[in-house]
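Peer 1: this one's sequence-less:
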DNA sequence: GTGCTATTGAGAATCAATTACAATAATACC
DNA sequence: GGTATTATTGTAATTGATTCTCAATAGCAC
């Protein structure tokens, strides 16, 4: 299966909606693609700053919903008072296991959830759009430190 | 199995930590117990107002972590910019299916998740403390309205 | 009762996220 | 290519949820 590149997906999305392709948006997307794992707006903004980009936080906040809407990025909830994000296009759907002590985040697959979605659709007449599963606990190191 | 009443649980928690039993806290807890389903701080505050209580929002914000800490209440994430809560003591653990159109929230059980927790504990050496699973979709009515 | 200190309400402060606005720049059309 | 249209930008102000400060109050231990 050949996949379109993320930039390609974004450009088609932009064109299809009579939005505009701007260097700011593409810089932001480029940076997101280079980040391993999760990020928040502050981190993203700092990384762009460090590379000499002058993109404002407002533009980041304005761009993220676009990336989410075209399926490149999703919001991740770590229950710490602000949003985190990760790029998902081309990545297998996964869930997060987070250590309450040190904040480490592991990713894991849970294939059962596909079956669950199908079951919920049948049972309640819903068209399922997505799900998030977060698990919290203490990693081995933080258990000892207790 | 006989369970302690929620008020009892809370009073013991308070006593055990040299905190103080106040009418404000007990009014808030009482009100939470009467709410069917989920609530947020604003709703809770309004309901208390309507009953003639003068409890401030600040006190509600200060009381909620106590209820959560003693296992009576938990946070629920609807990804809409602020926290929701529900009382859980004596209720079976459940997950939420939310309609993105009208906001309807259904609850369902997912017994597989217990097995998943055990698996994660074994696989990664974690001591699991909890999990949340949210599913989003469109209910039958909102599918038609599209 | 008395003293210690946790708790309260009111309002100020904080912080992430959104918005207003004037300037800029991407696209469509000639 | 030039021009008009209007989406997008950065800045700064604003919002809205939550937390904090502070002086007054009121539980609880003795």
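Peer 2: Nice, thanks for sending it over. Note that this is a predicted model, so its numbers are computed, not measured.

Peer 1: List the contacts of residue A:37.
Peer 2: Neighbouring residues of residue A:37 by Cβ atoms under 8 Å, 6 or more residues apart in numbering or on different chains: A:86, A:105. (Glycine included, C-beta is placed from N, CA and C.)

Peer 1: List, one by one, the residues from chain A near DNA strand D.
Peer 2: A:14, A:18-20, A:22, A:24-25, A:54-59, A:62-63 (Cβ under 7 Å from any atom of the strand).

Peer 1: Separate out the buried members of these.
Peer 2: A:14, A:24-25, A:55, A:59, A:63 (16 or more other Cβ atoms under 10 Å in any protein chain shown).

Peer 1: Widest-spaced pair of those?
Peer 2: Greatest spatial distance among these (Cβ to Cβ): A:14 and A:55, at 16.6 Å.

Peer 1: Now the longest strand along chain A: average pLDDT?
Peer 2: When chain A is parsed with DSSP state E, its longest strand is strand A:127-138. Averaged across strand A:127-138, the pLDDT comes to 93.

Peer 1: And it, what's buried?
Peer 2: Residues A:128, A:131-138 are the ones in strand A:127-138 that count as buried (16+ other Cβ under 10 Å).

Peer 1: do stretch A:23-38 as well
Peer 2: Judged by neighbour count using 16+ other Cβ under 10 Å, the buried positions of stretch A:23-38 are A:24-25, A:27-29, A:31-32.

Peer 1: For those, give me JSON lines that also has distance to residue A:7 and pLDDT.
Peer 2: Below are those laid out as JSON lines (distance: Cβ to Cβ, whole Å; pLDDT from 0 to 100):
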{"residue": "A:24", "distance to residue A:7": "14", "pLDDT": "97"}
{"residue": "A:25", "distance to residue A:7": "10", "pLDDT": "98"}
{"residue": "A:27", "distance to residue A:7": "11", "pLDDT": "98"}
{"residue": "A:28", "distance to residue A:7": "12", "pLDDT": "98"}
{"residue": "A:29", "distance to residue A:7": "7", "pLDDT": "98"}
{"residue": "A:31", "distance to residue A:7": "12", "pLDDT": "97"}
{"residue": "A:32", "distance to residue A:7": "11", "pLDDT": "97"}
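
Peer 1: Now flag whichever of the residues you listed is closest to DNA strand C.
Peer 2: Set against DNA strand C, the nearest of the buried residues of stretch A:23-38 by Cβ to the nearest atom of the strand is residue A:24 (8.6 Å).

Peer 1: contacting residues around the host helix or strand of the closest one?
Peer 2: Element membership of residue A:24, judged by DSSP states H and E, is helix A:23-34. Outside helix A:23-34, the residues that touch it by Cβ under 8 Å, 6+ apart are A:6-7, A:10, A:14, A:39, A:44, A:47-48, A:51, A:53, A:55, A:59-60, A:63, A:66-67, A:72-73, A:85, A:87.
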